[in-house]
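Visitor: here you go, sequence then predicted model.
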Amino acid sequence: MQCGDLNLDGQVNAADAALLRAQLAAAGSLTLQQSLSCDVISELRAPGLGPDPADLDGVCSLADADVMTRNGQSLPPGPTQACALGATTPCCQVHGGVGCNTPSVVSCVCAQRAQCCTVGWDAACTQLACAGSCGGVCPAGLSYCPTDCFNLANDPTNCGGCGHHCTNAHGSSACTSGTCNPSCTFGWQSCDGDLSNGCESNRTAGNACVAASSLGSLAGDAAGSVTRTGYADTWLSVQLAETNSTPFPHDLSARIELDSPASVNFDLDVVCLSCAGSPFTSSQPAGVPDLLYVHQTDSIVGNDSLELVIHVRYFSTSSLTACGLWTLTLTGDTGVPQGTSAITCSP
């Protein structure tokens, strides 16, 4: 089908122009197919020039007959033509031109909404063509969403349903079997129950060496404990205090235990500031508690209290939705089990 082939003989020439002129002169009605084949938008007289003022926008006119005559005689300048049945744009895509690339759908749509073939192929035209009475033009496996056909199983802008977007500010987005399936940048997870917005929770929020949050004081020579829970990488400080003068002498000691949440691995670093020592580290695999001991021999004279800095350090996770909390427990006056190394300080 060519633009202007009103008599459907496969050519656009004076015969088509004569048919159009006769219909216009007699105020006769063109068939739907003839109307759709007519050049129904303003032709350009030549590149760079404006529309032909003799043409009537959206109407088969005598100017269209002139176009057909020039085309049949191969006379320059060749005008740019656009007819509904000659369009090449997919029917499920909104576009400024008229018609679309499936003639049977064009005929069906324009019989119900003429402006789709005289003004432009708007959202109402695509709705008729792809989800309404003229629908069914999306290929197998694709579904119509406003403007086009999409695979709802793997399209991140229409994942599982039209308009359901998969986004991710901290990683990449994907759609798998109709469900958003983000990949997170290191330290980020999805903990709000909504995978469509990606990875919004950061385990490494405290991963810079910032001022440590104080746990207060823990007796190193008397029973007692301090517990803290958290989600992210954290720095903490604690004083291991000498509080008990009897029995004498009485060494200071403490056990520092870190329990990571399921499917997440945090490691434990401890520095004795009073000793100006290097960090002691416990790096157990996920599911195994990290454990360090601190020991200070009672010097008999003076205060043997110690200042400790503890770093709960994020290492890895095997699940982007594993969002449990770590638990840090400091227990005083535990001694050090035989054969176990300890952070040993001198006052």
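Guide: Ah, there it is. Numbering: from 1, shown residues only.
Visitor: next, the buried residues of stretch 286-295.
Guide: For stretch 286-295, the buried set under the neighbour-count rule, 16 or more other CB atoms under 10 Å, comprises 286, 290, 292-295. In this view, the C-beta of every residue, glycine as well, is placed from N, C-alpha and C.
Visitor: for it, give the mean pLDDT please.
Guide: The average pLDDT within stretch 286-295 is 94.
Visitor: and it, how far out from the chain middle?
Guide: 38 Å (CA atoms, centre = their mean, to the nearest Å).
Visitor: and for stretch 330-339?
Guide: On CA atoms, centre = their mean, the centre of stretch 330-339 falls 49 Å from that of its chain.
Visitor: going forward, count from 10.
Guide: Noted, 10 is the first residue going forward, which turns the last one into stretch 339-348.
Visitor: please work out the average pLDDT along it.
Guide: 93.
Visitor: any idea how far the spatially closest residue to residue 209 that is not a sequence neighbour is from residue 120?
Guide: Distance criterion CB to CB, 6 or more residues apart in numbering; nearest residue to residue 209, sequence neighbours excluded, is residue 201 at 6.0 Å. Computed with CB to CB, to the nearest Å, the distance linking residue 201 and residue 120 is 49 Å.
Visitor: show the pLDDT at residue 131.
Guide: 92.
Visitor: roughly how far does it sit from residue 229?
Guide: 77 Å.
Visitor: the more surrounded of these two?
Guide: The residue with more neighbours, out of residue 131 and residue 229, is residue 229; 29 against 14, by other CB atoms under 10 Å.
Visitor: I figured that one was touching residue 264, is that so?
Guide: No - with contact defined as CB atoms under 8 Å, residue 229 does not reach residue 264; the gap is 10.7 Å.
Visitor: can you give me the strands in the stretch 110-259 of the chain?
Guide: Taking DSSP state E, counting those that start in this stretch, the strands of the stretch 110-259 of the chain run over residues 152-154, 157-159, 180-181, 184-185, 188-189, 192-193, 197-198, 210-211, 222-228, 233-239, 243-250.
Visitor: show me what the third one is packed against.
Guide: Meaning strand 180-181. Here strand 180-181 touches strand 192-193, going by 3 or more CB pairs under 8 Å, 6 or more residues apart in numbering; DSSP states H and E.
Visitor: what's the average pLDDT for the strand it packs on?
Guide: Rounded mean pLDDT across strand 192-193 is 96.
Visitor: one more: stretch 213-230?
Guide: 81.
Visitor: sheet partners, orientation included, of the longest strand along the chain?
Guide: When the chain is scanned for its longest strand (criterion: DSSP state E), the result is strand 315-326. Strand pairing for strand 315-326, determined by DSSP bridges: strand 243-250 (antiparallel), strand 273-281 (antiparallel).
Visitor: which of the residues in stretch 99-108 are buried?
Guide: 99-101, 103-104, 106-108.
Visitor: so of those residues, which ones are in helices?
Guide: Taking DSSP state H, every one of the buried residues of stretch 99-108 sits outside helices.
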